[in-house]
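S.K.: Next come a sequence and a model predicted from it.
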Amino acid sequence: MNQKLPTLSKIRKKQLKDFLDFLESESVHFMGYPCSGVYNYDELLPLLRYSINNIGDPYLPSNYHLNTHSFECEILSYFKRLTHAKEPTWGYVTNGGTEGNLYGLYAARERFNNQAVAYYSEDSHYSINKNMHLLNLNSKSVATTDNGEIDYQAFEKWLIKDKAKKVIISVNLGTTMKGAVDDVSKIKAIFKKLAINEYYIHADAAFFGMVLPFLRPKVAFGFETGIDSIAISGHKMIGSPIPCGICLVKEKYVHRLTRDIEYIGTLDKTITGSRNGITPMFLWYFVNTSTEKTISKHVQKCFDNADYILQKFKALNINAWRNPHSFIVVFDKCAPNLLSRWQIAVNGNNAHIIPMPHINREIIDDFFNDLIKEGQTVEVN
């Protein structure tokens, strides 16, 4: 296309430059959220010249040819291997973890014709409760232990009280604030003990879906544990300028969700209509420029920095800790201006730091220098 297009005025160019400078400055003080800054997708910039839309089922042809479905399918194959999907599994690249959780719970609801009781832990991401409300599920919140893991005894008591025969449960493979990992084997043991044979287990592995598979020694993860669907974020450990995610569901549960859409000449099982066709390319670029060794190295660096942070807190006599399979460092909430400057997430009296791959010791030291200047103020409500 040689058509001359309008450009920004000098004022708007300055506005854009100022905003880019702001992003650069703020990205240095970004320690409270799990978004990696270690990526470069400049080779993909030419794609922005095209109206790419991944509408419909990525595995089927459609009348809209400007899509990246073939690349998306490559990504899905990668994550099927990563999550040990042995039986037929279907999925697609989503707009993020929330959509992946919505899809998994949607498949669960349709499996039981909305006749099941749904459970989730108090430490679950807020999207779980929101999605269960959107789906009009009969849902119950289960207490958690101090480390953020679901309280298995409390869950068993709920099942007995509800006399549940058909059950949906959303488990956490890494909770948002504390990085707790629910033990799927213990949940399945409870089902067996109570003779509950009809159940559906969805796993929210938003952040930890690209952490747990690379731990050594290996930990049980994915479909091998007995889950039925899983949601993983693409913009967290992988890193992406646009939020995205991956949802995988056992294929036998998606047939009820299929619709024939004549307008685009294909079948659709997804939640959204138009879907981002650029984000699968970011994920595709990552998996084709990374190896298991390099990813494991990034993960280990994060754990090493988490332990370094714990040592720094200990030296200041500030309570801080992390879960065994997590490099999220939880500590007592400090002064509000420090939380704001370093963009640190807070829940109640807890705050956390997440040393993502772009965080180095110099940045960590800068944070603690600020903390010391603030007089190690700890707020307790």
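M.R.: It's in.
S.K.: Would you map out the domains in the chain?
M.R.: As given by the TED database, the domain ranges for the chain are 24-40+291-371, 46-289.
S.K.: Return the most buried member of those domains.
M.R.: Highest mean neighbour count of those: domain 46-289, a mean of 19 (counted as mean count of other Cβ atoms under 10 Å). No exception for glycine: its C-beta is placed from N, CA and C like everyone else's.
S.K.: Next, the distance between the ends of that domain.
M.R.: One end of domain 46-289 sits 18 Å from the other (Cα to Cα, to the nearest Å).
S.K.: Then stretch 87-102?
M.R.: Stretch 87-102: ends 22 Å apart by Cα to Cα.
S.K.: do the same with stretch 81-94
M.R.: Its first and final residues considered, stretch 81-94 spans 18 Å by Cα to Cα.
S.K.: Not counting its own residues, what contacts that stretch?
M.R.: Stretch 81-94 has contacts (Cβ atoms under 8 Å, 6 or more residues apart in numbering) with 54, 57-59, 72, 75-76, 79-80, 100, 103, 209, 213, 221-224, 230-232, 234, 244-252, 254, 269-271, 275-276, 279-280, 283.
S.K.: for that stretch, the distance to its chain's centre please.
M.R.: Chain-centre distance of stretch 81-94: 16 Å, with Cα atoms, centre = their mean, to the nearest Å.
S.K.: remind me which residues of the stretch 251-381 of the chain are low pLDDT?
M.R.: Scanning the stretch 251-381 of the chain for pLDDT under 70 picks out the ranges 262, 376-381.
S.K.: Which residue ranges of it form helices?
M.R.: 279-289, 292-315, 336-341, 361-373 (DSSP state H, counting those that start in this stretch).
S.K.: Adding distance to Val330 as columns, could you present the ones you listed in CSV?
M.R.: CSV is the format used below for the helices of the stretch 251-381 of the chain (distance: least, Cβ to Cβ, whole Å):
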stretch, distance to Val330
helix 279-289, 28
helix 292-315, 10
helix 336-341, 14
helix 361-373, 15
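S.K.: Looking at those, spot the one closest to Thr145.
M.R.: For these, proximity to Thr145 was assessed by Cβ to Cβ; helix 292-315 is nearest, at 20.1 Å.
S.K.: what's the closest one packed up against?
M.R.: Applying 3 or more Cβ pairs under 8 Å, 6 or more residues apart in numbering; DSSP states H and E, one finds that helix 292-315 contacts strand 320-321, strand 329-332, helix 361-373.
S.K.: Mind listing residues that contact the longest one?
M.R.: With contact meaning Cβ under 8 Å, 6+ apart, helix 361-373 is reached by 28, 31, 305, 308-309, 312, 316, 334, 338, 341-342, 353, 355.
S.K.: Just the CA trace of that helix, in CSV.
M.R.: Only the C-alpha atoms of helix 361-373 are listed here, as CSV (Å, rounded to 0.1, in the frame of the first residue of the first chain):
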residue,chain,number,x,y,z
ARG,A,361,21.1,-7.3,42.5
GLU,A,362,21.7,-3.6,41.9
ILE,A,363,17.9,-3.0,41.6
ILE,A,364,17.3,-5.1,44.7
ASP,A,365,19.9,-3.1,46.7
ASP,A,366,18.3,0.2,45.5
PHE,A,367,15.0,-1.0,47.0
PHE,A,368,16.5,-1.9,50.3
ASN,A,369,18.3,1.5,50.4
ASP,A,370,14.9,3.1,50.0
LEU,A,371,13.5,0.9,52.7
ILE,A,372,16.2,1.9,55.1
LYS,A,373,15.7,5.6,54.3
